[in-house]
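Enquirer: 3D model of this:
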Amino acid sequence: QVQLVESGGGLVQPGGSLRLSCAASEFTLDYYAIGWFRQAPGKEREGVLCISSSDRTTYYADSAKGRFTISRDNAKNTVYLQMNSLKPEDTAVYYCAATAPPCGIGWNYYSYWGQGTQVTVSS
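Expert: Got it, this is the predicted structure:
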């Protein structure tokens, strides 16, 4: 069964950093475009950024530019989301999702989803 598992969420102070991981089982991530989405309480799920199968990054959230980066470790079959200079408005459940290339912005464009990991930015 295809499965994505996110990890690395938690509570962090404003200005801090977190690295989220998205690990896959039963399929090889490097053939897919991998997106990160987030959903804050009472808000719609929004696309944050995506990495293509050729490692090109596309940002969907302007607020992520300059602070968030996405990368792959194909040997570990894992995609990472490095988040720096975190702000309270980054608080959300973060999801990774996989799709056949290329990257897309809509959540319904993605076929496989993880269960999400909570990120809370608060002092």
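Enquirer: What count of nearby residues applies to Gly35?
Expert: Applying other Cβ atoms under 10 Å, we find 29 residues neighbouring Gly35. C-beta here means a position set from N, CA and C on the backbone, and glycine is covered the same way.
Enquirer: heads up, I number from 849, so please use that
Expert: OK, 849 is where the count begins now, so the last one is Gly883.
Enquirer: how about it, secondary structure?
Expert: Three-state assignment for Gly883 (DSSP: H, G, I helix; E, B strand; the rest coil): strand.
Enquirer: For it, which non-adjacent residue is spatially closest?
Expert: Cys898 (4.0 Å; Cβ to Cβ, 6 or more residues apart in numbering).
Enquirer: How about Gly864?
Expert: Leu934 is the one closest to Gly864 (Cβ to Cβ, 6+ apart), at 5.4 Å.
Enquirer: List the residues that contact that neighbour.
Expert: Val860, Pro862, Gly863, Gly864, Ser865, Leu866, Arg915, Val967, Val969 (Cβ atoms under 8 Å, 6 or more residues apart in numbering).
Enquirer: pLDDT wise, what is the residue nearest to Gly883 at?
Expert: In this prediction, Cys898 carries a pLDDT score of 97.
Enquirer: rewinding a little: the residue nearest to Gly864 belongs to a helix?
Expert: No. Leu934 is assigned coil when assessed by three-state DSSP, not a helix.
Enquirer: what's the next secondary structure element after whichever helix or strand the residue nearest to Gly883 is part of?
Expert: Secondary structure assignment for Cys898, by DSSP states H and E: strand 894-899. Toward the C-terminus, strand 894-899 is succeeded by strand 905-907 as the next helix or strand (DSSP H and E).
Enquirer: Please, where are all the strands along the protein?
Expert: 851-855, 858-860, 866-873, 881-887, 894-899, 905-907, 916-921, 926-931, 940-947, 960-961, 965-969 (DSSP state E).
Enquirer: Out of the ones you listed, which is closest to Ile953?
Expert: Minimum separation from Ile953 across the strands of the chain (Cβ to Cβ) falls at strand 894-899, 4.8 Å.
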